[in-house]
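Chemist: show me how the following folds:
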Amino acid sequence: MQDAVQWKEELDKIASIIRKVPLEVAIKWGAEVFTYEGKNVVSYGGFKHFFSIWFYNGVFLEDKYKVLVNASEGKTKSLRQWRFTSMDEIDEKKILAYIKEAIEVEKKGLKIGPAPFQAIDTPEQLASAFHADKALKAAFDQLSPGKQKEYMVYVNEAKQDATKIKRVEKIVPMILDGVGLNDKYK
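Modeler: Model (predicted):
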């Protein structure tokens, strides 16, 4: 991403601007991430149609030049991107002002908290399995609300009933063992 040939000169310019601010450099996700006291502040990279600077807590920035976008509306909560398509769009003074404001956001400790827990209706296929096997229902009830939600979302995400049934068959042993759907990744 940061070594994209298409935007080499532009990314070098962006990197030189970011390096003028007293931030630490770390390599995360295979890219340079600039941090303040271990907290991610800003990074940059090249994509197919644009190159970009992103601010990890950009949602808290004033954005007085109206340049920041949410790259994944509905999914991304805090991160905001500033996209460019040419060297002429790079304005060092504006970029430095945004970075300095992003550092102040980190100093203040501003964060978006996790979304409140929202109850999910038990999928019909899972409810049928509970009705047929009381031990399964008891094991499910012993799981944390988060693990219960993981299972219900997993079944609900399937579009076809046949897939939902297969997913229920897959998770029954895991529920009976008292493990969460994503425990092996935690």
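Chemist: any idea which residue sits dead centre in this structure?
Modeler: Taking Cα atoms, centre = their mean, the centroid of the chain lies closest to Thr76, which sits 5.7 Å from it.
Chemist: quick check: the residue nearest to that one when sequence neighbours are not counted vs Ala31, distance?
Modeler: Of all residues beyond its chain neighbours, the one nearest Thr76 is Asn70 (5.4 Å), with distances taken as Cβ to Cβ, 6 or more residues apart in numbering. Backbone N, C-alpha and C define where each C-beta goes, glycine included. From Asn70 over to Ala31 the distance is 20 Å, taken as Cβ to Cβ, to the nearest Å.
Chemist: now swap in Val168 and tell me
Modeler: Taking Cβ to Cβ as the measure, Val168 and Ala31 are separated by 40 Å.
Chemist: so between the two, which is more surrounded?
Modeler: In this comparison of Val168 against Ala31, neighbours counted by other Cβ atoms under 10 Å, the higher total goes to Val168 at 23 against 13.
Chemist: tell me the secondary structure for that one?
Modeler: Three-state assignment for Val168 (DSSP: H, G, I helix; E, B strand; the rest coil): helix.
Chemist: how many other residues sit next to the residue lying closest to it once chain neighbours are set aside?
Modeler: Nearest residue to Val168 in three dimensions, chain neighbours excluded: Gln125, at 4.8 Å (Cβ to Cβ, 6+ apart). Applying other Cβ under 10 Å, we find 19 other residues in the vicinity of Gln125.
Chemist: same for the helix or strand where Gln125 lies, what does it pack against?
Modeler: Secondary structure from DSSP states H and E places Gln125 in helix 124-132. In terms of contact count using 3 or more Cβ pairs under 8 Å, 6 or more residues apart in numbering; DSSP states H and E, helix 124-132 is assigned the packing partners helix 134-142, helix 145-157, helix 161-176.
Chemist: what comes up buried for the first one?
Modeler: Of the residues in helix 134-142, those buried under the neighbour-count criterion (16 or more other Cβ atoms under 10 Å) are 136-137, 139-140.
Chemist: could I get the pLDDT score of the residue lying farthest from the centre of the chain?
Modeler: What lies farthest from the middle of the chain is Ala132; by Cα atoms, centre = their mean that is 38.1 Å. At Ala132 the predicted local confidence, pLDDT, stands at 96.
Chemist: and it, what does it touch?
Modeler: Remark: with contacts taken as Cβ atoms under 8 Å, 6 or more residues apart in numbering, Ala132 is in contact with nothing.
Chemist: can you give the domain ranges for this protein?
Modeler: Domains of the chain are assigned by automatic domain parsing as 5-108, 124-185.
Chemist: and of those, who's closest to Gln118?
Modeler: Shortest distance between Gln118 and these, using Cβ to Cβ, is found for domain 124-185: 8.4 Å.
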